[in-house]
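**Q** Structure of the sequence below:
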Amino acid sequence: MDALQAGIVVASKMAITADNLNPDPNFRDPAYWHSQRVSDWNGSAWTGPGEDHGGFHTDAAGGWSVENSASRPDGVALATLLGCSTWITLNSAATGMPTDRRYRYHLYSGWSVTREFLIPVKADTVYEFSIPMKNNANQWHGVIMDVLSADFTFLNDADAVTSGERSWFCFPGQVGRFKKQVTFGPKAAFIRFAVINDGVTSIWAGDAQVGTISLREAVGGTLVVDGAIVSRHITVDNVLADRIIANTATVTGTFAAKVIESTDSLPGRLIVSGTGFSLATMATAVADPAGRINANTTLIAPGKIQLGGANTLSNWLTGGDNSELNGGVIAANTIRINSAVIGLRGIQLLGINFDTDRVNTVSWSAGYVDWVDDAGNRQVSFINAGSVYRTTAGSQVAYIWFDRVASHANQIFYAGETTPAAILANTNNIIVAAYFGGNVLDAAYGRTIIDGDYLKTSTVDANRVIVSGSITTPLLAAGSVTAAKISVASLSAITADVGLLRTASSGARTEIEANQIRVYDASNVQRVTIGQL
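**A** Numbers count the residues shown, from 1 in each chain. Down below sits the predicted model:
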């Protein structure tokens, strides 16, 4: 025919294949098959009843037998399992099967090596083989393919096939359809099949089946003439193809594909797997990603926003991740600074005091480091007391640093003579103190908190503070303390100019004031006056 009418071809699956080249795939012609039980493995030769094709009866005395769905109680199930109406079986329970020797039972197709019985094949051509088998025995069984030349000479493996194998084995417990592709060699002209079982291991026990033996030339472009199939509509449940080329393809139901490629455009109705969104809606969302983020409840963690280089909105060294950039809070171009630190840092040292021996050792007391991780969670790390020795060679600096991972786990500060760059190369580190030797200790990174403000190390000179709880004369400037601010138990001075001196504030006392000395009794009555009246 020139063309197929629309709707004529309706199938769940459509396959175009060559004919089965096996003239008797279902074992219906005893004249085509030869059953033989060959030499046993104890050394003597013995030929079984297969010579007269007796193996083609279920009650045959040994060898392969033909069965169908009515030949055995499980015949219907076995026919369904093998997918064929008849099959051959090798059953150790069959009448006449010897149980005292190990044999291989052969069944050959085209036993007479003549052109009449052998299956012709093409050299350098790919063929497909399909054989259903089931094994419920104690040894393997299978099918071997003999390949012959045009003069009926058996070929070895190298000359028989150029790719693929020419044997199929079914092992105990296996069941299924065994398929293979074979490319025959340049000398191949004929083949025959040999059904065989393993007789070397032990005496055969159990049963095994071989179903329809199919041999077909592999489907190629030459089997379907160009233009032989023309149809406006082909209805199928499944189309299996490496490539489908169509000017226009209309899908009214569901179209599933792992990969869709297009050099032009894809329809917006295509649903992206796992998302529930079509290409059209996804394209709309991509056009305004910020709007999609602001419209939903999920927030972007500050640590995930990269501003430039390796900087983010949040860093554990400079505070928690509660950072906020909001145009309503800070207007553009309203702040112009190179750098600023406002508020407390995300790290505090609690109860940790640094001290030196004023030679080359700096020590610290036990305490805690209070810090906030990148997720905004407060962390507290206990630190044991420790010390570090600074060598006197050169201008070495001993640094003390906190590692939020290692220090937290080991409860220690790390210290040593190194460089800030080497320490800060690990983003988990922060320097808390630097010791230059003697009494020069810079603990600026640790900071001491006083009423919410910071008193930074080295910003207060020693001549401005109280030393050992007392103020010595060199620390007081002349006229810096008035008499009204002095309250002492005794006073010793060369000269003094005071307004009122009294031995007591009430009761019996003596007072000196304005060139006059006054004496009072216990009742606060003035009894004596000396001096200017």
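
**Q** What is the least confident helix or strand in this structure?
**A** strand 448-450 (a mean of 39; mean pLDDT, DSSP states H and E).

**Q** what is the rounded mean pLDDT of stretch 140-153?
**A** Stretch 140-153 shows a mean pLDDT of 90.

**Q** distance between the ends of that stretch?
**A** Length of stretch 140-153, first residue to last, C-alpha to C-alpha, to the nearest Å: 28 Å.

**Q** residues touching residue 109, list them.
**A** 22, 24, 32, 33, 117, 119, 192, 193, 194, 213 (C-beta atoms under 8 Å, 6 or more residues apart in numbering). For the C-beta atoms, the positions are set from N, CA and C on the backbone; glycine is no exception.

**Q** Recalculate using a threshold of 6 Å.
**A** Contact analysis of residue 109 by C-beta atoms under 6 Å, 6 or more residues apart in numbering lists 192, 193.

**Q** roughly how far apart are it and residue 33?
**A** Using C-beta to C-beta, to the nearest Å, we find residue 109 at a distance of 6 Å from residue 33.

**Q** Next: residue 514.
**A** Taking C-beta to C-beta, one finds residue 514 at 153 Å from residue 33.

**Q** Same question for residue 382.
**A** According to C-beta to C-beta, residue 382 and residue 33 sit 89 Å apart.

**Q** These two: which is more packed in?
**A** residue 33 (24 against 13; other C-beta atoms under 10 Å).

**Q** where does the more buried one land on pLDDT?
**A** Reported pLDDT for residue 33: 78.

**Q** can you check residue 423 too?
**A** Per-residue pLDDT puts residue 423 at 90.

**Q** quick one, what contacts the residue nearest to residue 412 when sequence neighbours are not counted?
**A** Excluding its sequence neighbours, the residue lying closest to residue 412 (C-beta to C-beta, 6 or more residues apart in numbering) is residue 384, at 5.7 Å. Shown in contact with residue 384 (C-beta under 6 Å, 6+ apart): 366, 411, 412.

**Q** Can you tell me which of these is nearest residue 421?
**A** residue 412 (22.1 Å; C-beta to C-beta).

**Q** Look up which helix or strand that closest one falls in, please.
**A** Using DSSP states H and E, residue 412 falls within no helix or strand.

**Q** What count of nearby residues applies to it?
**A** With other C-beta under 10 Å as criterion, residue 412 counts 17.

**Q** From residue 381, how far out is it?
**A** 10 Å.

**Q** what do you get for residue 136?
**A** 69 Å.

**Q** same thing with residue 26?
**A** Residue 26 is 82 Å from residue 381, by C-beta to C-beta.

**Q** Next: residue 374.
**A** To residue 381, residue 374 is 15 Å away according to C-beta to C-beta.

**Q** rewinding a little: and residue 26 and residue 381? which has more neighbours close in?
**A** residue 381 (19 against 16).

**Q** Would you map out the domains in this structure?
**A** 33-217, 347-464, 483-531 (automatic domain parsing).

**Q** All the strands of the stretch 351-500 of the chain, residue numbers only.
**A** 354-356, 361-364, 367-372, 378-383, 386-389, 398-403, 414-417, 429-437, 440-442, 448-450, 453-455 (DSSP state E, counting those that start in this stretch).

**Q** hey, least reliable of these by pLDDT?
**A** Ranked by mean pLDDT, the strands of the stretch 351-500 of the chain bottom out at strand 448-450, with a mean of 39.

**Q** now residue 254: how far from residue 260?
**A** Taking C-beta to C-beta, one finds residue 254 at 14 Å from residue 260.

**Q** actually residue 121, not the one I typed
**A** Taking C-beta to C-beta, one finds residue 121 at 41 Å from residue 260.

**Q** ok, those two, which is more surrounded?
**A** residue 121 (19 against 8).

**Q** List the contacts of that one.
**A** Residue 121 neighbours (C-beta under 6 Å, 6+ apart): 184, 188, 191.

**Q** Hmm, the second one is touching residue 147, no?
**A** When you say that, I think you mean residue 188. Yes - contact criterion C-beta atoms under 6 Å: residue 188 and residue 147 qualify, at 5.2 Å.
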